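Enquirer: output the structure for:
(2 chains)
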Amino acid sequence: MLILVIYSFNESRLVTVWAGFSTKWYGELFRDEQLMSAVWMSLRIAFTTSCMAVILGTLAAFIMVRFRRFRGKTAFSSMMTAPLVMPDVITGLSLLLLFVAMAQVVGWPADRGFLTIWIAHTTFCMAYVAVVVSSRLREMDISIEEAAMDLGATPMKTFFLITIPVIAPALVAGWLLSFTLSLDDLVIASFVSGPGSTTLPMVVFSSVRLGVTPKINALATLIILAVSLAAFFAWYIAHRNEKRQRQNASNYSE
Amino acid sequence: MNLKKLIPSGRSLVIGIPYSWLALFFMVPFALVAKISFSEAEIAIPPYTEVFRYVDETLTIALNLGNYIFLTGDDLYVAAYWGSIKIAFFSTLFCLLLGYPMAYAMARADDKMKTVLLLLVLLPSWTSFLIRIYAWIGILKNNGLINNLLMFVGVIDDPIIMLNTNFAVYVGIVYAYLPFMVLPLYANLVKLDGSLLEASSDLGAPPWKTFLTITLPLSKAGIIAGSMLVFIPVVGEFVIPELLGGPETLMIGKVLWQEFFNNRDWPIAAALAIVMLVLLSVPIAWFHHYQAKEMEAES
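Expert: Sure thing, here's the model as predicted:
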């Protein structure tokens, strides 16, 4: 534990020490059009990916937890868990070959870029969302759903009015997890992107490989700042929810 | 009546959407990789020959085993596979040795402390992975933090070369993958029934014996899940050996990347991936088995 604290301390100190010289590099950073477009691209992909991954992952988790038996359940559950461990290079390579073959056979996708990265990221993020959501679904009291159905709500209505609000914290957690995963991914994005579409990790990777530039230090500082803010925000929401839940629980018991 | 059968029911629609997404974007690609691994490299777009050819009502299937023979014939590939497995094995071991006490301490801490400790484990993994590896370059390089500190104190006169060695790769991997070990272990240990431990010590077992005979066997599922979450991805790791490793670091992820992007030999890259998948199929099946068992036990 202590080691981790030291690590994180090292990391931030290193970056701030280097970036602290002047704000010149920050100006440079914002003037770098290629970099800025990569940032924009990454953010757009991460946003759309996490939305789609939450939808698909929640559906998948719901199937895994609520539907006891159906044809191909084993196949489905292996497809759900395998992306969690599959090495990135294999996933990236196989998806690229799929897109190339699809372009040949059906003529779509014509060029690789935003859409193909989005599909690839959604595929591996939905597995993470499914894990997070399914553990929450399992904890959930199923009798509330049954009560709603007894009172005449359709399964659809029950799902949206009862199930979704109850598992909402897990959905938020899954969304945030997908967002960071997608923002972070270098290997898969490198495989499935075409020329001209670059994400932020790709820019960072190539500049780190070429050598250290102060610009990257400035960028790193900004990213760490943004992530810490997001982390604090997430923690705050979780904390507030927990408090409210505890309050509710004590209200009931009284 | 018939029409109703044609329209899919809500249930099959709910199953169908994620099922077909995964089938199309996760399973079908592997079949394609397998197919391309049997083709020949060609200077074309895409740069490989077709395995199935349908000309004049005859279907010719040309399976080219040359890629696989080439893989076994070249020492580089065998060494790369071996290197990957070795590095993944030792990284998993280090992660387990470091992660187990961490997870144990977390599981035994009181509730408020638990949240803080959990956050401390998670927090670094929320920062960009590349930037954390990049920070390690700054720590490990010849005029980096560690060497400067040691020289300042006077322990050494010349910098220790750490960057671009296997040592740096191990440091990077263990650092990056530690949360993947700690979290499943923690989830497992936190469910551990404390009364079992008390009973054991009441009956006169020393703490180490309690640990070996009670705690360790009960946390087996967590150990396996954590080890698989570290071992399998590390075998294919590309970024860490590329940035922290040196010429002595030979890992299959890096070789695959070079074959694909630098040599543009897609069939060889596909064959490399297939062999890697075959090697990993046992641990992946193992992981899935335990995951399924865990899910069943919980519900």
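Enquirer: can you tell me the closest non-neighbouring residue to residue A:44?
Expert: In space, not counting the residues next to it along the chain, residue A:44 is nearest to residue A:114; the distance is 7.2 Å by Cβ to Cβ, 6 or more residues apart in numbering or on different chains. Where you see a C-beta, it was placed from the backbone N, CA and C, and this is true even at glycine.
Enquirer: mind listing what the one you found touches?
Expert: A:41, A:44-45, A:197 (Cβ atoms under 8 Å, 6 or more residues apart in numbering or on different chains).
Enquirer: just the buried members of those residues?
Expert: Neighbour counting over those (16 or more other Cβ atoms under 10 Å in any protein chain shown) leaves A:41, A:45, A:197 as the buried ones.
Enquirer: which one of these sits closest to residue B:170?
Expert: Nearest to residue B:170 among the buried ones among the contacts of residue A:114: residue A:45, at 32.0 Å, using Cβ to Cβ.
Enquirer: for the stretch 101-250 of chain A, which segments count as helices?
Expert: In the stretch 101-250 of chain A, the segments counted as helices under DSSP state H, counting those that start in this stretch are A:114-139, A:142-150, A:155-158, A:164-184, A:187-192, A:200-210, A:214-253.
Enquirer: for these, give me TSV that also has mean pLDDT and distance to residue B:16.
Expert: Converted to TSV, the helices of the stretch 101-250 of chain A look like this (pLDDT from 0 to 100; distance: least, Cβ to Cβ, whole Å):
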stretch	mean pLDDT	distance to residue B:16
helix A:114-139	89	15
helix A:142-150	85	22
helix A:155-158	84	16
helix A:164-184	87	20
helix A:187-192	90	25
helix A:200-210	83	33
helix A:214-253	70	33
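Enquirer: save those helices as a markdown table, and put in distance to residue B:72 too.
Expert: Output for the helices of the stretch 101-250 of chain A, formatted as a markdown table (distance: least, Cβ to Cβ, whole Å):
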| stretch | distance to residue B:72 |
| --- | --- |
| helix A:114-139 | 31 |
| helix A:142-150 | 54 |
| helix A:155-158 | 55 |
| helix A:164-184 | 35 |
| helix A:187-192 | 25 |
| helix A:200-210 | 31 |
| helix A:214-253 | 41 |
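Enquirer: residue B:48 is nearest to which of the ones you listed?
Expert: With Cβ to Cβ, the closest approach to residue B:48 among these belongs to helix A:187-192: 15.7 Å.
Enquirer: nearest spatial neighbour of the residue in the stretch 1-150 of chain A that chain B sits nearest to, chain-adjacent residues omitted?
Expert: Closest residue of the stretch 1-150 of chain A to chain B, Cβ to the nearest Cβ: residue A:87 (2.2 Å). Ranked by Cβ to Cβ, 6+ apart and with sequence neighbours excluded, the top spatial neighbour of residue A:87 is residue B:236, at 2.2 Å.
Enquirer: so what's the residue count around the one you found?
Expert: 28 (other Cβ atoms under 10 Å in any protein chain shown).
Enquirer: among the contacts of residue A:114, which are in strands?
Expert: Helix and strand membership here follows DSSP state E; of these, not one is in strands.
Enquirer: what's the most distant pair in those residues?
Expert: Largest pairwise distance in these, by Cβ to Cβ, is 11.0 Å, between A:44 and A:197.
Enquirer: circling back to that earlier point, output the contacts of residue A:114 as CSV; include the columns pLDDT.
Expert: Formatted as CSV, the entries for the contacts of residue A:114 read as follows, by pLDDT from 0 to 100:
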residue, pLDDT
A:41, 89
A:44, 91
A:45, 93
A:197, 80
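Enquirer: residues of stretch A:72-91 that come out buried?
Expert: Within stretch A:72-91, the residues that qualify as buried are A:76-91, counting by 16+ other Cβ under 10 Å.
Enquirer: with just CA atoms, put that stretch into CSV.
Expert: Included here for stretch A:72-91 are C-alpha records, laid out as CSV according to Å, rounded to 0.1, in the frame of the first residue of the first chain:
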residue,chain,number,x,y,z
GLY,A,72,-26.0,-20.8,-26.1
LYS,A,73,-25.7,-19.4,-22.6
THR,A,74,-22.3,-21.0,-22.1
ALA,A,75,-21.1,-19.5,-25.4
PHE,A,76,-22.5,-16.2,-24.4
SER,A,77,-20.9,-16.2,-21.0
SER,A,78,-17.5,-17.1,-22.5
MET,A,79,-17.9,-14.3,-25.0
MET,A,80,-18.6,-12.0,-22.1
THR,A,81,-15.6,-12.9,-20.0
ALA,A,82,-13.0,-13.5,-22.7
PRO,A,83,-12.5,-9.8,-23.7
LEU,A,84,-11.5,-9.0,-20.1
VAL,A,85,-8.3,-11.0,-20.5
MET,A,86,-7.6,-11.2,-24.2
PRO,A,87,-4.3,-9.5,-25.0
ASP,A,88,-4.8,-6.2,-26.8
VAL,A,89,-2.7,-7.2,-29.8
ILE,A,90,-4.9,-10.1,-30.6
THR,A,91,-8.1,-8.2,-30.2
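Enquirer: measure the residue of the stretch 1-150 of chain A closest to chain B to residue B:276 for me?
Expert: 7 Å (Cβ to Cβ, to the nearest Å).
Enquirer: do residue A:119 as well
Expert: Note on residue A:119: its distance to residue B:276, by Cβ to Cβ, is 23 Å.
Enquirer: what about these two, which has more around it?
Expert: In this view residue A:119 and residue B:276 are compared by other Cβ under 10 Å, and residue B:276 has more residues nearby, 22 against 19.
Enquirer: so where does the nearest residue to residue B:145 once chain neighbours are set aside fall, helix or strand?
Expert: Closest residue to residue B:145 apart from its sequence neighbours, by Cβ to Cβ, 6+ apart: residue B:139 at 4.6 Å. Assignment of secondary structure by DSSP states H and E places residue B:139 within helix B:129-140.
Enquirer: tell me the helices and strands packed up against that helix.
Expert: With contacts taken as 3 or more Cβ pairs under 8 Å, 6 or more residues apart in numbering or on different chains; DSSP states H and E, helix B:129-140 sits against helix A:2-19, helix A:200-210, helix A:214-253, helix B:145-153, helix B:166-189, helix B:239-244.
Enquirer: okay if I get those as JSON lines plus mean neighbour count and distance to residue A:141?
Expert: Shown next, in JSON lines, are those (neighbours: other Cβ atoms under 10 Å in any protein chain shown; distance: least, Cβ to Cβ, whole Å):
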{"stretch": "helix A:2-19", "mean neighbour count": "16", "distance to residue A:141": "36"}
{"stretch": "helix A:200-210", "mean neighbour count": "18", "distance to residue A:141": "41"}
{"stretch": "helix A:214-253", "mean neighbour count": "14", "distance to residue A:141": "13"}
{"stretch": "helix B:145-153", "mean neighbour count": "14", "distance to residue A:141": "52"}
{"stretch": "helix B:166-189", "mean neighbour count": "23", "distance to residue A:141": "21"}
{"stretch": "helix B:239-244", "mean neighbour count": "23", "distance to residue A:141": "43"}
